[in-house]
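just coords:
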């Protein structure tokens, strides 16, 4: 009997162990392909970084028609690279899902084997534990053999505890694998949306170049005249907004704001890089008649995802054309702050349709894509934080550019991580 118990336990252990190499062999080839895709992705992303440097160099140059055409050409190349990056990432995510599926099957199989082994161990122990040492002694007709069997039962008890512990570990692993798979599936869905939007952005960029050449007839003089008219109009808009917001600020009580601390808001872009800060900066002194920059600018390639910095309700989805914020979204949060995201190349989607007024967004939702619509000479996200009770949407007499967000602004960096 003792020998049978030992053989039973040994066979169960070996049977469980020898299932693992097979599962590993099934996933090792996938791991190699995933590594290749990751290397491809890194290579394309490095090209995107290098191209972005060229774009930023052009943005720093004097404003003329030739530079503007070069910027659009470089942006078209950038969006092309972004599309390629998205396609490779989708391939990588698909392979990772296949690998997870194999791993999940292996874990489920190991759990089934471990459960079967535990059930058999429990049954054997129940049978043996019903006997007292005296009965075992009489049945085996040997004190040494009886003690050996009792010792074996104690060992099997310990093995049962170990098996139950391993079963819990396997169950936890399976739960984590399911959660990872759900997350990857959601990322695949988002990347498919990104791919569709970025292809549309590419088409829009090519149309922008054609429209620029049509408006200017490829003549620098015409371009400079149009630029001067645009800048004069924008200066009037900024001055008008400045007066309204200065009046609002007279009755502003800063104590009603959330306490300044990191993490009240999250970054509206991944891997954030601030290109312009809030307030009376040197840039604002040169660029605006008000001498004040009412938000923070983030630099990133065209088509980069723009994320909701906090959960809230969308109160504006609008387009000011060539003026002010261009395509933008305004979100009101429950913490007495309202955030503005401006200069989109395209709007984000929620539940398979374009984001709209009244939508409830969650922190981290994709609400738009980086661009340079409105009054912007380079690709960036303009991010403003307002005191919610002061926010209003107004049509300004100084421009035919739809409603413009107004309100008492605060420094977003006081609330970002």
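Noted; the coordinates are in hand. Fair warning: this is a prediction, and the values are worked out from it, not measured in the lab.

all helices for the stretch 51-200 of the chain, in order.
65-129, 133-140, 143-216 (DSSP state H, counting those that start in this stretch).

let me have these in TSV, extended by distance to residue 381 and mean neighbour count.
To be clear about C-beta, it is placed using only N, CA and C from the backbone, and glycine gets the same treatment. Shown next, in TSV, are those (distance: least, CB to CB, whole Å; neighbours: other CB atoms under 10 Å):
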stretch	distance to residue 381	mean neighbour count
helix 65-129	15	17
helix 133-140	77	14
helix 143-216	14	15
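
least reliable of these going by mean pLDDT?
In terms of mean pLDDT, the lowest-scoring of these is helix 133-140 (a mean of 50).

returning to that earlier point: the helices of the stretch 51-200 of the chain: which one's closest to residue 47?
Taking CB to CB, helix 65-129 is the member of these nearest to residue 47, at 5.5 Å.

count of neighbours near the nearest residue to residue 264 once chain neighbours are set aside?
What sits nearest to residue 264 in space, not counting adjacent residues and going by CB to CB, 6 or more residues apart in numbering, is residue 415, at 3.9 Å. Residue 415 has 23 neighbours, counted by other CB atoms under 10 Å.

residue 53 now?
Applying other CB under 10 Å, I find that residue 53 has 9 neighbouring residues.

from residue 177, how far out is the nearest residue to residue 174 once chain neighbours are set aside?
Leaving aside its chain neighbours, residue 174 sits nearest to residue 107 (4.8 Å; criterion: CB to CB, 6+ apart). Residue 107 is 6 Å from residue 177, where distance means CB to CB, to the nearest Å.

check residue 255 too.
As judged by CB to CB, residue 255 and residue 177 stand 49 Å apart.

and the helices of the stretch 51-200 of the chain: which comes nearest residue 402?
helix 143-216 (19.0 Å).

quick one: work out the angle between that closest one and helix 65-129.
On the basis of axes from the mean of the first three to the mean of the last three CA atoms, to 10 degrees, helix 143-216 is oriented at 160 degrees to helix 65-129.

please identify the buried residues of stretch 39-52?
40, 41, 44, 45, 47, 48, 51, 52 (16 or more other CB atoms under 10 Å).

swap that for stretch 231-239, please
233, 234, 235, 236, 237, 238.

between those residues, which is nearest residue 377?
residue 234 (10.9 Å).

quick one, what contacts that closest one?
Counting by CB atoms under 8 Å, 6 or more residues apart in numbering, residue 234 makes contact with 323, 324, 375.

so which of those comes closest to residue 198?
residue 375 (23.7 Å).

make sure the closest one is actually in contact with residue 326.
Yes: using CB atoms under 8 Å, residue 375 is in contact with residue 326, at 7.3 Å.

in the stretch 251-400 of the chain, which spans are strands?
274-276, 296-298, 305-307, 312-319, 327-332, 337-344, 346-347, 349-350, 353-354, 360-361, 366-369, 381-387, 392-395 (DSSP state E, counting those that start in this stretch).

these: which one's closest to residue 244?
Of all the strands of the stretch 251-400 of the chain, it is strand 392-395 that lies closest to residue 244, at 7.5 Å by CB to CB.

report all helices and strands that the following helix or strand past the closest one contacts.
Using DSSP states H and E, the helix or strand that follows strand 392-395 towards the C-terminus is strand 403-406. Here strand 403-406 touches helix 220-249, strand 312-319, strand 392-395, going by 3 or more CB pairs under 8 Å, 6 or more residues apart in numbering; DSSP states H and E.

what strands line up against strand 403-406, and which way round?
strand 392-395 (antiparallel) (DSSP bridges).

ok, and what's touching the strand it pairs with?
With CB under 8 Å, 6+ apart, strand 392-395 has contacts from 244, 315, 316, 318, 330, 402, 403, 404, 405, 406, 407.

quick one: buried residues of stretch 331-348?
331-333, 337-348.

which one of those residues is nearest to residue 354?
residue 347 (5.1 Å).

so that closest one makes contact with residue 329?
Yes: Residue 347 sits in contact with residue 329 when judged by CB under 8 Å, with a separation of 7.1 Å.

which residues do these two both contact?
Common neighbours of residue 347 and residue 329 (CB under 8 Å, 6+ apart) are 317, 355, 367, 368.

got a list of what the closest residue to residue 83 other than its chain neighbours touches?
Nearest non-adjacent residue to residue 83, counting by CB to CB, 6+ apart: residue 198, 5.0 Å away. Contacts for residue 198 (CB under 8 Å, 6+ apart) come out as 79, 82, 83, 86, 303, 369.

how about a cut-off of 7 Å?
79, 82, 83, 86, 303 (CB atoms under 7 Å, 6 or more residues apart in numbering).

so what's the model's average confidence on stretch 327-336?
On average, the pLDDT along stretch 327-336 is 96.

just the endpoints, please. Distance across that stretch?
The first and last residues of stretch 327-336 sit 24 Å apart, counting by CA to CA, to the nearest Å.

what does that stretch rub up against?
Against stretch 327-336 from outside (CB under 7 Å, 6+ apart): 256-258, 264, 308, 310-319, 338-342, 344, 347, 355, 361, 367-368, 373, 387-388, 405.

residue 413: neighbour count?
17.

next one, pLDDT for it please.
Residue 413 is assigned a pLDDT of 96 by the prediction.

separation between it and residue 385?
9 Å.

and the nearest residue to residue 220 once chain neighbours are set aside, how far from residue 216?
Nearest residue to residue 220 in three dimensions, chain neighbours excluded: residue 65, at 5.0 Å (CB to CB, 6+ apart). Separation of residue 65 from residue 216 (CB to CB) stands at 6 Å.

find the residues that touch each one of the two.
residue 223.

check contacts around residue 297.
Counting by CB under 7 Å, 6+ apart, residue 297 has contacts 274, 275, 276, 380, 381, 382.
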